[in-house]
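Trainee: I'd like to go over a predicted model; first the sequence, then the structure.
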Amino acid sequence: MDAGAVSALELEGVSYQYPGEAFDIVDNLSLRVEKGSFHCIVGASGCGKSTIFRLINGLLPLKAGAIRIGGVPAGTGKGACGYMPQKDLLFPWRTVWENVALPLEIQGGCSKRERRERAQAALEDAGLPGCGDKMPQELSGGMRQRAAFARTMLTGSDLLLLDEPFSALDFLTRISMQEWLLSQWQRHQKTILFITHDVEEALFLSSSVLAVESTPIRALREIPVPAAFPRDRSCLKDPELVELKERLIAHLRKQVTP
Ligand SMILES: Nc1ncnc2c1ncn2[C@@H]1O[C@H](COP(=O)(O)OP(=O)(O)O)[C@@H](O)[C@H]1O
Ligand SMILES: [Mg+2]
């Protein structure tokens, strides 16, 4: 990268302490994410991964430090990100397109007809043509996640934070969704941060994995994945990736006290 280029995301000396807790769960964390990259964040359950996302999207206030999205302080002007939590959180009383159009409704300035058209186009793009008038309950788990992703895309943000979006899906749906997500990422040129505790998922998706080193979180260790894009699952059989997978599992197990 040339020295003057703006990063998709920068954390500088970020700290956070939950009220009532005696320590900073995120402690002086710095991180720089380049535009167009795909990083999975892996770490033991409860180590503070989701907390990092809540700090980036402004759901939690920083105790110290600064966050910039596309060079702009987070939460101001264009300093916004698209956020997709583990549960799809589609409102059951709205049609699928009305759910997908929510970011446009919140941002304002768009007629209902335009919102509907853009939502239908985003759904089609996500592989759900003709689903806009259905209710969320009529969709399968994988389809609901695609709809939630289409909604995240309509935030218009270049930075997407996806928090364990596939963890509730069965194995075969999950691996199809991983391939689908990589194709969406390549087509739309977004920057994606993706939390998972599934090491194989992290290796398949990431340009490099960001591993939580410790609790409190003081650093994320960047581990490049030696496989080119576009990828298919056969790369997971590569001896280099198999070895990396075992190293990551050993690293995560060190953090877990059974
Ligand atoms: N609202 C809260 N108040 C106090 N502690 C919390 C709160 N939310 C989460 N925590 C604690 O912070 C830690 C990190 O939570 P979280 O970021 O959700 O972990 P992860 O996503 O890595 O599983 C957990 O140990 C959890 O108990
Ligand atoms: Mg979490």
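Mentor: On my side now, so go ahead. Ligands and ions are numbered 1, 2, ... in the order given.

Trainee: Please tell me how far Leu128 sits from ligand 1.
Mentor: 28 Å (Cβ to the nearest ligand atom, to the nearest Å). C-betas here are computed from N, CA, C, even on glycine.

Trainee: Next, the nearest residue to that residue once chain neighbours are set aside: phi, psi?
Mentor: In space, and not counting its chain neighbours, Leu128 is closest to Arg146: 5.4 Å by Cβ to Cβ, 6 or more residues apart in numbering. Here is the backbone geometry of Arg146 (degrees, to the nearest 10): phi -60, psi -40.

Trainee: In terms of helix, strand or coil, where does Glu105 fall?
Mentor: helix (DSSP: H, G, I helix; E, B strand; the rest coil).

Trainee: same question but for Val242, I mixed them up
Mentor: Val242 - assigned by three-state DSSP - is helix.

Trainee: all strands for the chain, in order.
Mentor: 9-16, 26-33, 38-42, 64-69, 72-73, 82-84, 159-163, 191-195, 208-212, 220-224 (DSSP state E).

Trainee: Nearest to Lys254, out of these?
Mentor: strand 208-212 (10.9 Å; Cβ to Cβ).

Trainee: quick one: average confidence on that closest one?
Mentor: Strand 208-212 comes out with an average pLDDT of 97.

Trainee: Enumerate the helices of this structure by residue range, in sequence order.
Mentor: For the chain, the helices defined by DSSP state H cover 49-56, 96-100, 102-107, 112-125, 141-153, 171-188, 199-205, 239-255.

Trainee: what would these look like in JSON lines with mean neighbour count, mean pLDDT and distance to ligand 1?
Mentor: Converted to JSON lines, the helices of the chain look like this (neighbours: other Cβ atoms under 10 Å; pLDDT from 0 to 100; distance: least, Cβ to the nearest ligand atom, whole Å):
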{"stretch": "helix 49-56", "mean neighbour count": "22", "mean pLDDT": "96", "distance to ligand 1": "3"}
{"stretch": "helix 96-100", "mean neighbour count": "25", "mean pLDDT": "98", "distance to ligand 1": "24"}
{"stretch": "helix 102-107", "mean neighbour count": "16", "mean pLDDT": "93", "distance to ligand 1": "24"}
{"stretch": "helix 112-125", "mean neighbour count": "18", "mean pLDDT": "96", "distance to ligand 1": "27"}
{"stretch": "helix 141-153", "mean neighbour count": "23", "mean pLDDT": "93", "distance to ligand 1": "18"}
{"stretch": "helix 171-188", "mean neighbour count": "15", "mean pLDDT": "93", "distance to ligand 1": "19"}
{"stretch": "helix 199-205", "mean neighbour count": "22", "mean pLDDT": "97", "distance to ligand 1": "14"}
{"stretch": "helix 239-255", "mean neighbour count": "13", "mean pLDDT": "92", "distance to ligand 1": "10"}
